[in-house]
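*Asks:* Sequence first, then the predicted structure:
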Amino acid sequence: MTIKRILPVVALAIALTACNKPAGELVGAGKNGNFKEANPYGMIFIKKGSFMMGSNTQSAVFSQPDNQLMVTVDAFWMDETEITNNEYRQFVNWVRDSIAYKNLIEAGLTDYAIQPRDGDFDEENYRINWKKRIPWNSKEEDVQDALASMFYEDGNLNTTRFHYSYSWINYDEAVLPRNRFDVVKGAYPEGASVRVDTAWIDEDGIIHDSTVVRSLTQPSDLITRMIINVYPDTMVWMRDFQFAYNEPMLQQYFSHPGFADYPVVGITWEQADAFCQWRTDYFLGASTVAAQKYRLPTEAEWEYAARGGRKMATYPWGGNYARDAKGCFLANFKPYRGSYIDDTGAATMKVAQFRPNDFGLFDMAGNVAEWTSSAYNASANSYVHDLNPQFQYRARKEDPEVLKRKVVKGGSWKDISYYLQCGTRTYEYQYESRPYIGFRCVRSYIGEK
């Protein structure tokens, strides 16, 4: 049984999925729609618009301008700040508690599940009774045995077992010409096949995944299943910066309340994508209507949002320099040759410490760089569409490394100012985590505004 299957359907109040106030806008089939969608909590509405996508200056690597493209982007919501340690910890704690409830229920303690009104308890399909507290400190032997696998021998939680299972539909396989559904026959073509990933956990709690090819006979054949460990890799603070004393950050950055409002780091692209999936399921579990899912922004959406409505802005604040008229730095990055504290921060800082851009978004330059949903290709601007451009590829386990690169935008606390520019693009492999890469979510907007 997977965690996904025991997703709660009761409405729980957490900051990530709550709604603050009605937007007062009619959405649906144009202005005469009759459905009012509330503003997602903590998100900023980004109106649709056009801009020149790509770098406004010479490339620091190739000493030539990147290819620019005039594009149009539909409206969407974007998180006001990067996802913080406190926000990501809600995901980690949900996974932790789900596993604990699952272990208790499967050990025969069925009072931790919502019992059916009639009929016997179903051990394969049940809902968690989230109102009943987990007895972490119970002295009862059956409770201790049920929760024992979640702890090391020294009594500390075994975070390597914090597994989250989710799935998605491989639309890229569905649109292949050989897989086009035949509406006349009402079936997929003979010989249609898909290449998808599947995942499982062995008896030792180790996650395994592999790429399989199977016949396409029904829509469910397009589903990829993923299992991911959700706990951040805190070792990045020492692994990425050898010959530096970063033990305090390793030991406390994610767990200490003093860092609660700092951007979460040590997160792979795959973990960020899993967070979006969880946030969507959590929201829909507490919602009475269907809604657009939370996801990572496309490169075009991120760059458009970063420019704040200024079509040719070099930096999110609109100017061509990283300092204002008074000489104050406008973001958290690496000034000069390593005077980190000249911008008031040495490493990461609390989110929203500098002025937002014209859209009201904080830290679109500096602090931490951010994952996007886009796959990296240096020539992507030469062939992507000019309406909602996206070079997307969901890399499979057995794909070559070059196909597992994801676009990273915004620059970080350890980068020079060039990487803070709106049009600058770099990449990282989707399975890598860094102490200078975080993320934020977006949601597409339904209707006209």
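*Replies:* Received the coordinates, thanks. Numbering: from 1, shown residues only.

*Asks:* C-alpha only now, for contacts and for neighbours.
*Replies:* Noted.

*Asks:* pLDDT below threshold where in this protein?
*Replies:* Applying pLDDT under 70 to the chain flags residues 1-37, 58-66, 286-290, 448-449.

*Asks:* Next, name the residue at the spatial heart of it.
*Replies:* With distances taken as Cα atoms, centre = their mean, the residue of the chain nearest its centroid is residue 272 (3.1 Å).

*Asks:* Downstream of the helix or strand in which it is found, the next helix or strand is which one?
*Replies:* Element membership for residue 272 (DSSP states H and E) is helix 269-285. Per DSSP H and E, helix 269-285 leads on to strand 294-295 as the next helix or strand towards the C-terminus.

*Asks:* for the helix holding residue 272, packing partners?
*Replies:* Judged by 3 or more Cα pairs under 8 Å, 6 or more residues apart in numbering; DSSP states H and E, the packing partners of helix 269-285 are helix 85-106, strand 163-169, strand 223-229, strand 294-295.

*Asks:* Pick the most buried one from these.
*Replies:* With neighbours defined by mean count of other Cα atoms under 10 Å, none of the helices and strands packed on helix 269-285 is more surrounded on average than strand 294-295, at a mean of 22.

*Asks:* where exactly do the strands run in the stretch 101-250 of the chain?
*Replies:* In the stretch 101-250 of the chain, the strands defined using DSSP state E, counting those that start in this stretch lie at 113-114, 127-128, 163-169, 193-201, 207-215, 223-229.

*Asks:* Identify the residues contacting the last one?
*Replies:* If I follow you right, that is strand 223-229. Here strand 223-229 makes contact (Cα atoms under 8 Å, 6 or more residues apart in numbering) with 160-170, 196-200, 207, 209, 270-271, 274.

*Asks:* How about the third one?
*Replies:* Judged by Cα under 8 Å, 6+ apart, the contacts made with strand 163-169 from elsewhere in the structure are 2-4, 95, 222-230, 274, 277.

*Asks:* Which pair in the residues you listed has the greatest spatial separation?
*Replies:* 95 and 222 (25.8 Å; Cα to Cα).

*Asks:* Report the residue ranges of every domain in this structure.
*Replies:* The record's domain parsing of the chain by automatic domain parsing lists 19-84+256-444, 163-229.

*Asks:* what's the first-to-last distance across the shortest one?
*Replies:* Using Cα to Cα, to the nearest Å, the span of domain 163-229 from its first residue to its last is 5 Å.

*Asks:* chain center to it, what's the gap?
*Replies:* Chain-centre distance of domain 163-229: 21 Å, with Cα atoms, centre = their mean, to the nearest Å.

*Asks:* Check the longest one too.
*Replies:* Centroid separation between domain 19-84+256-444 and its chain, computed with Cα atoms, centre = their mean, is 11 Å.

*Asks:* burial count for residue 70?
*Replies:* Residue 70: 14 surrounding residues under other Cα atoms under 10 Å.

*Asks:* In contact with it, which residues?
*Replies:* Applying Cα under 8 Å, 6+ apart, we find residue 70 in contact with 50, 51, 52, 53, 386.

*Asks:* contacting residues for the fourth one?
*Replies:* Taking Cα under 8 Å, 6+ apart as the contact definition, residue 53 lies against 68, 69, 70, 71, 300, 303, 304, 423.

*Asks:* Buried members of the residues you listed into PyMOL, please.
*Replies:* To isolate the buried ones among these in PyMOL, judged by 16 or more other Cα atoms under 10 Å, type:
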select buried, resi 69+71+300+303+304+423
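
*Asks:* Please report the distance of the closest residue to the residue nearest to the centre of the chain other than its chain neighbours from residue 251.
*Replies:* In space, and not counting its chain neighbours, residue 272 is closest to residue 439: 6.9 Å by Cα to Cα, 6 or more residues apart in numbering. Going from residue 439 to residue 251 by Cα to Cα gives 21 Å.

*Asks:* Between those two, which is the more surrounded one?
*Replies:* With neighbours defined as other Cα under 10 Å, residue 439 and residue 251 compare such that residue 439 has more, 26 against 13.

*Asks:* separation between that one and residue 69?
*Replies:* Distance, residue 439 to residue 69, using Cα to Cα: 25 Å.

*Asks:* Hmm, residue 366 is touching residue 409, no?
*Replies:* No - counting by Cα atoms under 8 Å, residue 366 does not reach residue 409; the two are 9.5 Å apart.

*Asks:* Pull up the overlap in contacts between these two.
*Replies:* Shared contacts of residue 366 and residue 409 (Cα under 8 Å, 6+ apart): residue 420.

*Asks:* burial count for residue 183?
*Replies:* By other Cα under 10 Å, 8 other residues sit near residue 183.

*Asks:* Offset the numbering so it begins at 26, please.
*Replies:* With the count now opening at 26, the last piece we talked about shows up as residue 208.

*Asks:* Endpoints of stretch 461-469, how far apart?
*Replies:* OK, stretch 461-469 end separation, Cα to Cα: 27 Å.

*Asks:* Turn the strands of the stretch 126-275 of the chain into a markdown table, including distance to residue 401.
*Replies:* Shown next, in a markdown table, are those (distance: least, Cα to Cα, whole Å):
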| stretch | distance to residue 401 |
| --- | --- |
| strand 138-139 | 44 |
| strand 152-153 | 40 |
| strand 188-194 | 21 |
| strand 218-226 | 21 |
| strand 232-240 | 21 |
| strand 248-254 | 22 |
